[in-house]
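In: Requesting a structural model of the entry that follows:
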Amino acid sequence: MKLVWIVGALLLGAPALGAAQQQAILGTWQFDLTQGPKKQGPRTVIVRADSSASYGNETVRWRLVGDSLALALGGEWVNYRLKVKGKRLTLSGGDLTEPVTFDLVGPPSTRPDSVPVPPDPDTEPS
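Out: This next block holds a predicted model:
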């Protein structure tokens, strides 16, 4: 009987953990220049609660899957291992040859109404 209560508590707590992790990645993130100025990748990334993320002129859809951040790129999901510690976010894997670290510099800006959230590759026809 105790096992039933433990599993129930874990299942009830799982959404809260997911929400906490989601809240931890929302914001405006700046590339950590101590990694080297020649390292490839976006310099500023904005992650919003509406499942959109923007960098440069690009806007993509994102979601969390376990300890990974999935981005909808080119009509399919690309998974990156995600580590958030305090105000530092590190991505690795996916199409990255080495980890990339960002520092939280503020809240996310609002996505302009003229920029739609890209479709979810799992629910939209190719």
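In: May I have the strands that pair with the helix or strand hosting residue 60, each with its orientation?
Out: For residue 60, the host element (DSSP states H and E) is strand 58-65. Sheet neighbours of strand 58-65, with direction, are listed as strand 52-55 (antiparallel), strand 68-73 (antiparallel) (DSSP bridges).
In: So for residue 36, which of the ones you listed sits nearest?
Out: Of all the strands paired with strand 58-65, it is strand 52-55 that lies closest to residue 36, at 18.3 Å by CB to CB. Every C-beta, even on glycine, is put in place using the N, C-alpha and C of the backbone.
In: Let me see the residues that make contact with that closest one.
Out: 42-48, 59-62, 71, 111, 115, 117-118 (CB atoms under 8 Å, 6 or more residues apart in numbering).
In: buried subset of those residues?
Out: Buried members of the contacts of strand 52-55, scored by 16 or more other CB atoms under 10 Å, are 42, 45-48, 59-62, 71, 111, 117-118.
In: so which of those would you say is closest to residue 84?
Out: residue 47 (10.7 Å).
In: got a list of what the closest one touches?
Out: 25, 26, 27, 29, 53, 62, 108.
In: what about the closest residue to the first one other than its chain neighbours, distance to residue 85?
Out: Closest residue to residue 25 apart from its sequence neighbours, by CB to CB, 6 or more residues apart in numbering: residue 47 at 5.3 Å. Residue 47 sits 16 Å away from residue 85, going by CB to CB, to the nearest Å.
In: Span of stretch 89-96 from start to end?
Out: 15 Å (CA to CA, to the nearest Å).
In: contacts for that stretch?
Out: Among residues not part of stretch 89-96, those counted as contacts by CB under 8 Å, 6+ apart are 25, 29, 41, 68-69, 71, 78-84, 98-104.
In: With distance to residue 92 and mean pLDDT added, can I get the strands paired with strand 58-65 in TSV?
Out: Below are the strands paired with strand 58-65 laid out as TSV (distance: least, CB to CB, whole Å; pLDDT from 0 to 100):
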stretch	distance to residue 92	mean pLDDT
strand 52-55	17	93
strand 68-73	10	92
